[in-house]
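1. Structure here, sequence nowhere to be found:
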């Protein structure tokens, strides 16, 4: 059966909609600036479960998913809209007030102003559409389509935390006062993720980042998006992938840790490529608490169009994109 | 129980969100132009029923509701985003293709480019979020809040058609080849409404329109939005209200016709106010097929804050806003 990606590609081709297909649409603003805009729909029991989160965390996450799209183009967010279809049983509760409190707290910290949206009733399912506008210097947005053969592939911070948190939720773990800190951190990675708002524009200003995307679907899926948009392939090294430092507490199996880091999504880290001779320049900006810093080079762009190889113990295997489609 | 309007007002006041509350948010674009943006959520079995419409008509209407918001500020639409949560049972069908065909046909005719959005799965309910951007000369957007005492209250074209169409649907009528033309026209008013894309910017260029809104919730509700935003009241004359020409075929009761014209929404006509001494200027632009033209003056703004009087047979009664919240 066709996927959402296939469907969107089909619509794009059929109607000649050239601005569709990246993390954000890029629109003309003025002589210095382009406007970015992104819309992300979160659906109850598909993208979140109400018994797994709090209204505040859900409000926070609804904003993160769209802010992350702005960051992934190298942009800075400015304004937001929020449309919500709320089931009858939640309307008389304090759900919406708490949801907006979580959303607003994040918006204020991220210097984003909520300027509009819609509130509608829903028969049963809670649906949230999170829309964020942003800005980027004119012509300077970093696309998925700019990766070049030989580019180094780099990710920010660490991967697999959100996937680990999802597994804990599936195992019945919930936030509580006496929860082990590693569990609490992993749950927060899934339920209250932060976008890379500072890093996105920083990378844009460097001027040599060839392509970028945020890791929402999972490293394997999102790297494939870059490969397909750029007409290239990729080879990544298992032992370079920066595993979330709390994953070993969840699972001692290194292959399981790697699977969470490679295939689970929703870490909202940035995945980008730079020319090989620029990696050293980037290294001088690397900071971190250990051998893996803010930026980690995990592999290289290849000419093998649409193919991602994963090198593990000197053996190369084909990595099929299988990012979790969230829940 | 609080309404959606109360909730939005509460959020607006609580967080100091000054840009919320009109048909569109107004954002800075460049030295000559302001950017407009609107988001409208349509929820299955709340705002539409799949067995009452076609996918093409639903796509058309999803765009109209947001285009109408741009027109209501005096703006011209430019770009659109469309996010959709689609239930599993519709995914393998041709629903989405036909929905986008209806949407795209309208977008092309309206010179709006679809630039982004999202496609998500939904457990059961189809939810559509329609987002449209537009432009208006800087500082020139027409707000709900500018109505002044003594202003003439004017509506475009005729009212009640969409409400009449809804009643036909409730009575079991559907489009068919041998349907009476009046029924067909009323059904189309409900299922495939058109926004006032030319009239909105025309009124903006006149320079003397003090306030404007589109009639989506119903004349009584939308006039109340203007009154509350402007700190004024209104008096309207029953015999001036331009009744849809096909309503008499549906109901011979003049009071019933008036009720549909005043309280049923979704006609997507424009409701605006101008200084009394400008009505004649506007009249020279009035065109039409009968005694009611493109513009009809239906009453006057009063100092009676938040009160709408309806004058019928020389008797004045208080008109409570009771626009149908759609289905």
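-> Yep, that arrived. From a predicted model like this one, the values you see are computed outputs, not experimental measurements.

2. host element of the nearest residue to residue A:52 once chain neighbours are set aside?
-> Distance criterion CB to CB, 6 or more residues apart in numbering or on different chains; nearest residue to residue A:52, sequence neighbours excluded, is residue A:169 at 4.8 Å. The way it works is simple: take the backbone N, C-alpha and C, and place the C-beta from them, glycine included. Applying DSSP states H and E as the criterion places residue A:169 in helix A:161-170.

3. give me the number of residues near the single nearest residue of the stretch 151-300 of chain A relative to chain B?
-> Ranked by CB to the nearest CB, the top residue of the stretch 151-300 of chain A for proximity to chain B is residue A:216, at 11.2 Å. Residue A:216 has 24 neighbours, counted by other CB atoms under 10 Å in any protein chain shown.

4. So it lies in a strand, does it not?
-> No - secondary structure of residue A:216, determined by DSSP: H, G, I helix; E, B strand; the rest coil: coil, with no strand assignment.

5. check contacts around it.
-> Applying CB atoms under 8 Å, 6 or more residues apart in numbering or on different chains, one finds that residue A:216 lies in contact with A:65, A:68, A:222, A:265-266, A:268.

6. Among the residues you listed, which one has the most neighbours?
-> residue A:68 (29 neighbours).

7. Hmm, it is touching residue A:212, no?
-> No - the criterion here is CB atoms under 8 Å, and residue A:68 misses it with residue A:212 at 11.2 Å.

8. Mind listing the shared neighbours of those two?
-> Common neighbours of residue A:68 and residue A:212 (criterion: CB under 8 Å, 6+ apart): none identified.

9. Tell me where the stretch 1-150 of chain A has helices.
-> A:4-15, A:55-72, A:95-109 (DSSP state H, counting those that start in this stretch).

10. Can you lay out these as CSV showing distance to residue B:132 and mean pLDDT?
-> Formatted as CSV, these follow (distance: least, CB to CB, whole Å; pLDDT from 0 to 100):
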stretch, distance to residue B:132, mean pLDDT
helix A:4-15, 17, 84
helix A:55-72, 17, 98
helix A:95-109, 22, 96
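
11. Quick check: which of those helices is buried the most?
-> helix A:55-72 (a mean of 27; mean count of other CB atoms under 10 Å in any protein chain shown).

12. Tell me if it is near chain B.
-> No - Helix A:55-72 lies apart from chain B when judged by CB under 8 Å from any CB of the partner chain; the minimum separation is 9.4 Å.

13. Next up, the contacts around residue A:169.
-> Per CB under 8 Å, 6+ apart, neighbours of residue A:169: A:49, A:52, A:187, A:190.

14. And the pLDDT at the first one?
-> Which is residue A:49. On pLDDT, residue A:49 comes in at 97.

15. how close does it get to chain B?
-> 11 Å (CB to the nearest CB, to the nearest Å).

16. what number of residues lie near residue A:281?
-> Applying other CB under 10 Å, I find that residue A:281 has 12 neighbouring residues.

17. Quick one: classify it as helix, strand or coil.
-> helix.

18. In strands, which of the contacts of residue A:169 appear?
-> Judged by DSSP state E, those include no members of strands.

19. Out of these, give me the two with the largest separation.
-> Greatest spatial distance among the contacts of residue A:169 (CB to CB): A:49 and A:187, at 13.0 Å.

20. So for the two, which sits in the more crowded spot?
-> The neighbour count for residue A:49 versus residue A:187, taken as other CB under 10 Å, is higher for residue A:187 (24 against 13).

21. Relative to residue A:160, how far out is the more buried one?
-> Computed as CB to CB, to the nearest Å, the residue A:187 to residue A:160 distance reads 14 Å.

22. list the contacts for the nearest residue to residue A:19 once chain neighbours are set aside?
-> Using CB to CB, 6+ apart and skipping the chain neighbours, the partner closest in space to residue A:19 is residue B:115 (4.1 Å). Shown in contact with residue B:115 (CB under 8 Å, 6+ apart): A:17, A:19-20, A:25, A:27, A:37, B:79-81.

23. Much appreciated, bye for now.
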